[in-house]
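Engineer: Sharing a model that was predicted from the sequence below.
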Amino acid sequence: MSSVLFGLLTAVCWGCADFMARFTGRAVGPDVALSGMLVASAVLLTLLVLATSAPLLESFANWYLILATGVGVMAATLLLYAGLARGPIGMVAPIVGAYPAFNILIGFAAGIVPNGPQWIAILTVMAGVAVVARFAPEPGEDVKGDLRVTLIIALLSALAFALAISAGQAAARIHGELAVTAAARWVSVVAAFGYLVIRGRPVVVPAGWRWPVVAQGTLDGLAYLALFAAAHGPGSVIAAVVASSFAAVTVVLARFVLKEPMSLAQWAG
């Protein structure tokens, strides 16, 4: 049950943070918004480590897992923000939310085979995500760019999330979820700023958008902390699947706040 609860908490935090990314990404650019969000969440997680006297990384054993987690999260989130900024949210969020399909394949490779009830839960969640994506209404004028490019961006984001989450959960079993989440987040910060420098983009979030980006980073950091907290035991794959329902949170917010159209089939999904 704890795996399910951690997965739900992850979904709510992610869903709200990703909805905010629609506005920050369009205002300052997905890459700049991402960098500010990562800094905010990295500071939050580091303060949480210090406040709780949680152990920091006691060694660099399996350091490549933390590196893969940080870089993977940065790449996956950058792709997600780019897709959300292009729109429609009702298509992008559910496709990225299908990342557990890749996690299941990774779990199989590691010898983790779900039991009967777990298979039913996994297939139910994945079917709902597929329905939401398949029956999205025709995009409106608010959508930017070629939908085929947006589809590829969303699929690549899903794959990157699956790889990053698998690496992060493996690292959490060795070093603890809080230490891994904080360390990997600083790796993400370095990777994001490196990306900005290479592209010649500004590295400072404009003053008018700093607090929204801070709130976005806080929610995102809490989401990963909850997800990695489910790393111990066979529930890690289940938590990843439940967390994929973040797409539903994002889509519902888009429906009621942005007035994005939703079909009856999407509501059923």
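Structural biologist: That came through, no problem. Numbers count the residues shown, from 1 in each chain.
Engineer: Quick one: the helices in the stretch 1-150 of the chain, in order.
Structural biologist: According to DSSP state H, counting those that start in this stretch, the stretch 1-150 of the chain carries its helices in the segments 2-28, 30-52, 63-86, 89-96, 100-109, 116-134, 147-175.
Engineer: now the first one and helix 116-134, what's the angle there?
Structural biologist: Helix 2-28 runs at 20 degrees relative to helix 116-134, counting by axes from the mean of the first three to the mean of the last three CA atoms, to 10 degrees.
Engineer: Then the longest one?
Structural biologist: Direction vectors for helix 147-175 and helix 116-134, defined by the same axes, to 10 degrees, enclose an angle of 150 degrees.
Engineer: where in the stretch 151-269 of the chain is pLDDT low?
Structural biologist: 231-237 (pLDDT under 70).
Engineer: so which of the helices of the stretch 1-150 of the chain comes closest to Ala191?
Structural biologist: Minimum separation from Ala191 across the helices of the stretch 1-150 of the chain (CB to CB) falls at helix 63-86, 4.4 Å. Every residue, glycine included, has its C-beta placed from N, CA and C.
Engineer: Quick check: buried residues in that closest one?
Structural biologist: 65-86 (16 or more other CB atoms under 10 Å).
Engineer: Over to Ala110: give its phi and psi.
Structural biologist: With angles defined as degrees, to the nearest 10, Ala110 sits at phi -90, psi 0.
Engineer: Distance check, Arg173 against Ile95.
Structural biologist: 29 Å (CB to CB, to the nearest Å).
Engineer: try Ile104
Structural biologist: With CB to CB as the criterion, Ile104 and Ile95 are 16 Å apart.
Engineer: next one: Asp18
Structural biologist: Counting by CB to CB - Asp18 and Ile95 are separated by 12 Å.
Engineer: Which one of the two is surrounded by more residues?
Structural biologist: Between Asp18 and Ile95, counted using other CB atoms under 10 Å, Asp18 has the larger neighbour count: 31 against 23.
Engineer: Which residue comes closest to that one once chain neighbours are left out?
Structural biologist: Thr250 (4.8 Å; CB to CB, 6 or more residues apart in numbering).
Engineer: neighbours around that neighbour, how many?
Structural biologist: 29.
Engineer: Likewise for Ala130?
Structural biologist: Count around Ala130 with other CB under 10 Å applied: 15.
Engineer: For the stretch 151-269 of the chain, just list every one of the helices.
Structural biologist: Counting by DSSP H, counting those that start in this stretch, the helices of the stretch 151-269 of the chain are 177-199, 210-229, 236-243, 246-257, 264-268.
Engineer: for the longest one, packing partners?
Structural biologist: With contacts taken as 3 or more CB pairs under 8 Å, 6 or more residues apart in numbering; DSSP states H and E, helix 177-199 sits against helix 30-52, helix 63-86, helix 147-175, helix 210-229.
Engineer: can you put these in JSON lines and add distance to Phe135?
Structural biologist: Listed next are the helices and strands packed on helix 177-199 as JSON lines, based on distance: least, CB to CB, whole Å:
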{"stretch": "helix 30-52", "distance to Phe135": "27"}
{"stretch": "helix 63-86", "distance to Phe135": "19"}
{"stretch": "helix 147-175", "distance to Phe135": "15"}
{"stretch": "helix 210-229", "distance to Phe135": "27"}
